[in-house]
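**Q** my questions concern the predicted model and sequence given below.
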Amino acid sequence: MHTINVSLPSQLKLQADQLIQAGYFASFSDLVRTALRQTLTEIQLNSLANQAISEHRSGQAKTLKDAQAVAQYVDQVFEGLS
């Protein structure tokens, strides 16, 4: 595990402390790790969405014909996020 020093504006630190005190996170480190994981996942999902938009606009979009095909596709997408 690595230790990193982070500078925060007072208001952001106060809000982080309030989340910890309310029991949402065990510690500041837990909050930061969770936020980083969520940010990385959001970026990956945005990238996939942009790719899908691009494929649609270029006529390369895939048509999923039934619920099973959709489920398989979603499973593949989420496997790629792991």
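**A** Perfect, I can see it now. Numbers count the residues shown, from 1 in each chain.
**Q** list the helices and strands the top helix by length along the chain packs on?
**A** If you go by DSSP state H, the chain has its longest helix at helix 28-57. Where contact means 3 or more Cβ pairs under 8 Å, 6 or more residues apart in numbering; DSSP states H and E, helix 28-57 is packed against helix 10-21, helix 67-81. Any C-beta I mention is one placed from the backbone N, CA and C, and that applies to glycine too.
**Q** could you tell me the least trusted of those?
**A** Sorting these by mean pLDDT places helix 67-81 lowest, at a mean of 85.
**Q** how far away is residue 44 from residue 60?
**A** 20 Å (Cβ to Cβ, to the nearest Å).
**Q** in TSV: the helices and strands packed on helix 28-57, plus distance to residue 53 and mean neighbour count.
**A** Converted to TSV, the helices and strands packed on helix 28-57 look like this (distance: least, Cβ to Cβ, whole Å; neighbours: other Cβ atoms under 10 Å):
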stretch	distance to residue 53	mean neighbour count
helix 10-21	33	12
helix 67-81	15	10
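**Q** can you redo these as TSV with distance to residue 36?
**A** Shown next, in TSV, are the helices and strands packed on helix 28-57 (distance: least, Cβ to Cβ, whole Å):
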stretch	distance to residue 36
helix 10-21	13
helix 67-81	14
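**Q** great, nothing more from me.
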